[in-house]
Every structure is written in C-alpha cells, then in structure tokens.
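# below are the sequence and a predicted model; questions follow.
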Amino acid sequence: MTWYVLLIGAIAAERIAEVFVAQWNRAWSRQHRGVEFGGGHYPAMVALHAGLLAGCLVEPIALDRPFIPALGWPMLTVVLTAQALRWWCIATLGRQWNTRVIVIPGAPRVGGGPYRLVPHPNYVAVIAEGVALPLVHTAWITAVAFSLLNGWLLRTRIAVENEALVSLR
C-alpha cells in the first residue's frame, strides 16, 4: 500500500506542476488579450479531480481493498500512458495550454501532436486516468463515481471548448 500512496502523491505533485504551468500560461494569455470562456464549471472540475485523489486513498484504506496484480499492473500502465499523453498535449499547445478555457484572438488553432488524431486528447487522458488510477488498488467505487461525474462535467467542458475554438476561425 505504501507504494500506492506514493503514486497518488506523485500524481498530486504532477497536478500542482500543472497548476503552475497553467498560471504562467494564463498570465501570458492575458498579456495577449486572451478571453476566458465558461469559467463557471472550473471549481467543480477542481473539486472532482481532488475528490479522485482523495477517493484513491480513502477507499482502499477504509474498505481494506487488496492489490490484485492482474488488475493493478495493467491499470498502472494505463495511468503512466495517460500521464504521457497529458504532457504531450501540454507540450503541443505550449503557452496556449491551460486548465481554464482561454482563447487568444487571432491565434491559430493547434492541429499538431495528438490534436491531429483526436479533437480533445487531454480528455482521453483524463478519462483513462479516472478509471485506471483507482483500479490500480481496486478502488472500484471511486473509479465508477469519478467516471460518471466526469462524464457529466466533460459534456459541459467540451461544449465550452468547442464554442471557444469556433472563435478562432
């Protein structure tokens, strides 16, 4: 269980790094007349992602969930792959990447990297991680709850992003 707690800690540290990158990019975007779209759902998104990490710790401890190697190791592979995809998205978008939906007027739409394959590749990473991270240590309630709530939230988020992207045309 100790290694799983360390994994959750590493994912939490990665999220903190994302927040710093997002803050730098948000400041840069504002300097370039960036316009934010749909900020109302942002607090719910932050709470949901914090809840995922909390659930990943609480459920296995409180309900004495075992590590099942046949499930845990493949799920760990999915988690690591999701992290790689997430950072590929961040690197591809560069200063345009943010945890918020901010569009710089006149900026070209990014179509390289994973965006040439999938319109919203970061959400592929979020969905995969939301299922896999809890299942690394058999926290299936957390995996199901996060997935359902995340699906509801992503409907809003993707609609906001699509509306923002239309403004680039």
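Sure thing, it's come through. Not measured: the values here are computed from a predicted model. Numbering: from 1, shown residues only.

# mind listing the helices for the chain?
Along the chain, counting by DSSP state H, helices occupy 2-31, 42-62, 69-93, 121-135, 140-166.

# tell me the mean pLDDT over the shortest one?
The one in question is helix 121-135. For helix 121-135, mean pLDDT rounds to 97.

# what's that helix in contact with?
Helix 121-135 has contacts (C-beta atoms under 8 Å, 6 or more residues apart in numbering) with 7-8, 11, 52, 55-56, 59, 71-72, 75-76, 78-79, 81-83, 85-86, 88-89, 113-115, 118, 140, 142-143, 146-147, 150, 154, 157-158. Just so you know, the C-beta spots here come from the backbone N, C-alpha and C atoms, and that holds for glycine as well.

# do the same with stretch 145-163
37-38, 41, 44-45, 48, 51-52, 55, 101, 120, 123, 126-127, 130-131, 134.

# hmm, which of these are the buried ones?
Neighbour-count burial (16 or more other C-beta atoms under 10 Å) applied to these gives 37, 41, 45, 48, 52, 55, 101, 120, 123, 126-127, 130-131, 134.

# how about CSV for the helices of the chain, with distance to Pro108 added?
Converted to CSV, the helices of the chain look like this (distance: least, C-beta to C-beta, whole Å):
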stretch, distance to Pro108
helix 2-31, 14
helix 42-62, 25
helix 69-93, 12
helix 121-135, 18
helix 140-166, 11
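
# gap between the residue nearest to the spatial centre of the chain and Arg86?
Nearest to the geometric centre of the chain sits Val126, at 4.1 Å (C-alpha atoms, centre = their mean). Using C-beta to C-beta, to the nearest Å, one gets 8 Å for the distance from Val126 to Arg86.

# just to revisit the earlier point, buried ones among the contacts of helix 121-135?
7-8, 11, 52, 55-56, 59, 71-72, 75-76, 78-79, 82-83, 85-86, 88-89, 114-115, 142-143, 146, 150, 154, 157.

# before we move on, the earlier item: the helices of the chain: which one's closest to Ala107?
The closest of these to Ala107 is helix 2-31. By C-beta to C-beta, the value is 9.2 Å.
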